[in-house]
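Novice: I'll drop the sequence and a predicted model, then ask my questions.
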Amino acid sequence: MTRLASRKSRLLIETSDMVRERGKLREVILEPHPYTVVVRLKGMRQRYEVSYAGIYNLAARLAAEKARQERKLRKAGKL
């Protein structure tokens, strides 16, 4: 497996996830780079650059929030 930093060609990942933007459903496109990933919608020029640490931190925060909600529901006797 080749490390991302040593790749010679540009890597594009077209996901199956769709987002409605300007009246159309558009696929999410990922452009991984060694320290960040660029996220954009297919057919759009607007790009957002996110670090991998930022993605990890958001995922950890969402998992903690989900666990907190489950504990709250369990304590209330609804789960």
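Specialist: Nice, I can see it.

Novice: work out for me the element Val39 sits within.
Specialist: Following DSSP states H and E, one finds Val39 within strand 36-41.

Novice: I meant Ala67, not that one.
Specialist: Counting by DSSP H and E, Ala67 is part of helix 52-76.

Novice: thinking again about what came up before, list the neighbouring strands of the strand holding Val39 plus their orientation.
Specialist: Looking at strand 36-41 with DSSP bridges, its partner strands are strand 24-32 (antiparallel), strand 47-51 (antiparallel).

Novice: surely Gly43 forms part of a strand?
Specialist: No: under the criterion used here (DSSP: H, G, I helix; E, B strand; the rest coil), Gly43 is coil, not part of a strand.

Novice: ok, now which ones touch it?
Specialist: By C-beta atoms under 8 Å, 6 or more residues apart in numbering, the contact set of Gly43 is Lys24, Arg26. Bear in mind the C-beta positions are built from the backbone N, C-alpha and C, glycine included.

Novice: angle of the strand holding Val39 against helix 52-76?
Specialist: Per axes from the mean of the first three to the mean of the last three C-alpha atoms, to 10 degrees, the angle that strand 36-41 makes with helix 52-76 is 70 degrees.

Novice: quick check: buried residues in strand 36-41?
Specialist: Of the residues in strand 36-41, Thr36, Val37, Val39, Arg40, Leu41 count as buried by neighbour count, 16 or more other C-beta atoms under 10 Å.

Novice: residue contacts, the first one?
Specialist: Pointing back at Thr36 there. Glu49, Val50, Ser51, Tyr52.

Novice: from Leu4, how far out is it?
Specialist: 11 Å (C-beta to C-beta, to the nearest Å).

Novice: same question for the fourth one.
Specialist: Summarising the geometry, the distance separating Arg40 from Leu4, computed by C-beta to C-beta, is 18 Å.

Novice: my read is that Leu30 contacts Val38, right?
Specialist: Yes: if you go by C-beta atoms under 8 Å, Leu30 and Val38 touch, sitting 7.3 Å apart.

Novice: find residues that contact each of these two.
Specialist: Joint contacts of Leu30 and Val38 (C-beta under 8 Å, 6+ apart) do not exist.

Novice: dump the residue contacts of Glu27.
Specialist: Taking C-beta under 8 Å, 6+ apart, one finds Glu14, Thr15, Ser16, Asp17, Met18, Leu41, Lys42 in contact with Glu27.
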